[in-house]
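Q: just a sequence and a predicted model for now, questions to come.
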Amino acid sequence: MPELPEVETIRRGLAGPITGRTIKRIRIVDPRVVKAPGPAEFVRLVTGRRIVGLRRRGKYLCLDLEPAGHLLVHLKMSGRLLHRRLSKKAGARVPTGLGHLLLFLDDGFLLYYHDTRRFGGFHYRTDDPFPALALGPEPLDPDFSPARWRRILVGRQARIKSLLLDQQAVAGLGNIYAAEALFRAGIRPDRPAGSLSGAEAGRLYRSMRAVLKEALAAGGTSIQDYRQADGRSGLFQVSLRVYGRRGEACPCCGVPIKACREGSRTTYFCPGCQH
DNA sequence: CCGTAGACTTGTGGTA
DNA sequence: CCGTCACAAGTCTACG
């Protein structure tokens, strides 16, 4: 699911409401979403801690706790991180099937994780987990310059679509935004990364940042599972130009969009516009 | 270094 | 209509 715009939308939606709240109680509905440590130890460590910050790096979120500790969260394909007020009625029960990990907060709200596939989940860490993630630069950071992007491409034989998905090259793009950025830049997904001209690298730099910013402004792309922290869908799915549009006419030139296999991922591109 | 395949897991949609 | 298969926003590992 969630690529940079979706994860950042969730972070923005949650940061204000949960910062300063204490985790009063934890219910683990499916232990597979607690990746480390074991469930009992997780409950013991995290219960009673206060949330003092929520940060994002690439597609990861980190809940900073006090006394010092961290919850590293990755949503993988189908994870949702949601926040809602619990019913105030005495004896009201949390609906079953709401989520797979429930964190009851001291203001009567529930912060909960739901993941159909259980690929994603929570890691408890003593130290800040971000430095150890070995991720590439944040594409929307002010320090991420066109020159830095050109240095990432130079000499690379890997196909440009694979490199955009490589979180160690640049952090946060996934299958949707990699395809959309390449379409906007007019570059075929199977080009060797190092074969891009200076002008092409510049176009890709701008299109990658533009599509991420537009998707963020739209609250992300909801195709199946992704939801914002308050449960609303994102809106960017209507603005996708090639992803998921095999056989449809290209919005620029009218040629049918093609799909091909890149590794084990489907990639979409316009054979008329992308060279 | 690069590519592919498989693993994790469940739901959905198209096809036979 | 039902069963089966392919496929899905991500990452990690193994292997050639």
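A: Perfect, I can see it now. Residues are numbered from 1 along each chain as shown, chains lettered A, B, ... in the order given.

Q: got the residues of chain A near DNA strand B?
A: Within chain A, the residues that sit near DNA strand B (CB under 7 Å from any atom of the strand) are A:32, A:116-119, A:156-159, A:162, A:224, A:262-264. All C-beta spots, glycine's among them, are computed from the backbone N, C-alpha and C.

Q: in the stretch 151-275 of chain A, which residue sits nearest DNA strand C?
A: The minimum distance from the stretch 151-275 of chain A to DNA strand C, using CB to the nearest atom of the strand, falls at residue A:174 (1.7 Å).

Q: my guess is that residue contacts residue A:167. True?
A: No: contact criterion CB atoms under 8 Å: residue A:174 and residue A:167 do not qualify, at 9.3 Å.

Q: quick check: neighbours shared by those two?
A: Common neighbours of residue A:174 and residue A:167 (criterion: CB atoms under 8 Å, 6 or more residues apart in numbering): residue A:59.

Q: the helix or strand of chain A with the lowest mean pLDDT pairs with which strands, parallel or anti?
A: Across the helices and strands of chain A, mean confidence by mean pLDDT, DSSP states H and E is lowest for strand A:258-262: a mean of 92. Each strand that pairs with strand A:258-262, with its direction, by DSSP bridges: strand A:265-269 (antiparallel).

Q: mind listing the strands for chain A?
A: For chain A, the strands defined by DSSP state E occupy A:23-28, A:34-36, A:50-57, A:60-66, A:69-74, A:79-85, A:101-105, A:109-115, A:121-125, A:258-262, A:265-269.

Q: reformat those as a markdown table; add distance to DNA strand C and mean neighbour count.
A: Below are these laid out as a markdown table (distance: least, CB to the nearest atom of the strand, whole Å; neighbours: other CB atoms under 10 Å):
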| stretch | distance to DNA strand C | mean neighbour count |
| --- | --- | --- |
| strand A:23-28 | 20 | 16 |
| strand A:34-36 | 11 | 17 |
| strand A:50-57 | 10 | 18 |
| strand A:60-66 | 7 | 20 |
| strand A:69-74 | 6 | 20 |
| strand A:79-85 | 9 | 20 |
| strand A:101-105 | 18 | 22 |
| strand A:109-115 | 10 | 20 |
| strand A:121-125 | 11 | 20 |
| strand A:258-262 | 7 | 15 |
| strand A:265-269 | 3 | 20 |
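
Q: now these in JSON lines, with distance to residue A:5?
A: Formatted as JSON lines, the strands of chain A follow (distance: least, CB to CB, whole Å):
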{"stretch": "strand A:23-28", "distance to residue A:5": "27"}
{"stretch": "strand A:34-36", "distance to residue A:5": "24"}
{"stretch": "strand A:50-57", "distance to residue A:5": "11"}
{"stretch": "strand A:60-66", "distance to residue A:5": "14"}
{"stretch": "strand A:69-74", "distance to residue A:5": "16"}
{"stretch": "strand A:79-85", "distance to residue A:5": "15"}
{"stretch": "strand A:101-105", "distance to residue A:5": "24"}
{"stretch": "strand A:109-115", "distance to residue A:5": "19"}
{"stretch": "strand A:121-125", "distance to residue A:5": "21"}
{"stretch": "strand A:258-262", "distance to residue A:5": "21"}
{"stretch": "strand A:265-269", "distance to residue A:5": "18"}
